[in-house]
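Visitor: no letters, just coordinates:
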């Protein structure tokens with residue numbers, strides 16, 4: 001299937017829909033997931049249009065992954081997480097629901113279950129607090 005420029009992440013990238021931004025680079029935008037599976041759940045979205053990993057430009061993908069690593073380190077530090085889970089889905093059979101390439105960064109703690117996917121929207125003020133913690137950690141790690 002072809003890339004659909006009307007997907008929600010494309011709209012966020014064009015500033016047609018608001019998002020709580022964590023970090024922006026030349027190649028990506030990192031935002032808070034509005035239905036987080038854990039506190040600190042961030043999405044990293046490439047600015048280059050691609051439906052998913054399977055059709056992404058390799059150069060854009062390399063730049064995106066460098067930003068994913070940078071944000072993951074900051075999320076781990078900001079939430080004093082024991083680990084970091086990365087998730088990236090390709091096509092509906094694999095669980096992809098938004099058809100613009102993106103990577104989930106989720107802080108993890110032993111014995112703590114994730115919240116169900118898409119269960120509830122977080123309060124914007126909580127997401128803003130979490131984004132500020134991550135931005136502070138990014139500044140400290142730089």
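Guide: The structure has been received and is ready for your questions. Since the structure is predicted, the reported quantities are computational estimates derived from the model, not experimental observations.

Visitor: please enumerate the strands of this structure.
Guide: All strands of the chain, identified by DSSP state E, fall at 21-24, 28-32, 42-46, 83-87, 103-108.

Visitor: is it true that residue 41 touches residue 33?
Guide: Yes - the criterion here is Cβ atoms under 8 Å, and residue 41 meets it with residue 33 at 4.3 Å. In short, each C-beta sits where N, CA and C put it, glycine included.

Visitor: which residues are common contacts for these two?
Guide: residue 104 (Cβ atoms under 8 Å, 6 or more residues apart in numbering).

Visitor: a markdown table please, covering the strands of the chain and showing distance to residue 121 and mean pLDDT.
Guide: Shown next, in a markdown table, are these (distance: least, Cβ to Cβ, whole Å; pLDDT from 0 to 100):
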| stretch | distance to residue 121 | mean pLDDT |
| --- | --- | --- |
| strand 21-24 | 17 | 98 |
| strand 28-32 | 11 | 98 |
| strand 42-46 | 14 | 98 |
| strand 83-87 | 19 | 98 |
| strand 103-108 | 16 | 98 |
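
Visitor: ok, which of these comes nearest residue 140?
Guide: Minimum separation from residue 140 across these (Cβ to Cβ) falls at strand 21-24, 13.5 Å.

Visitor: quick one: strands adjacent to the closest one?
Guide: Next to strand 21-24 in the sheet, as set by DSSP bridges, lie strand 28-32 (antiparallel).

Visitor: residues in contact with the partner strand?
Guide: Residues from elsewhere that reach strand 28-32 (Cβ under 8 Å, 6+ apart): 12-13, 19-24, 41-47, 63-64, 67-68, 71, 122, 127-128, 130-131.

Visitor: buried subset of these?
Guide: With burial judged by 16 or more other Cβ atoms under 10 Å, the buried subset of the contacts of strand 28-32 is 12-13, 19-20, 22-23, 41-47, 63-64, 67-68, 71, 122, 127, 130-131.

Visitor: what's the local residue count around residue 8?
Guide: Residues near residue 8, counting by other Cβ atoms under 10 Å, number 16.
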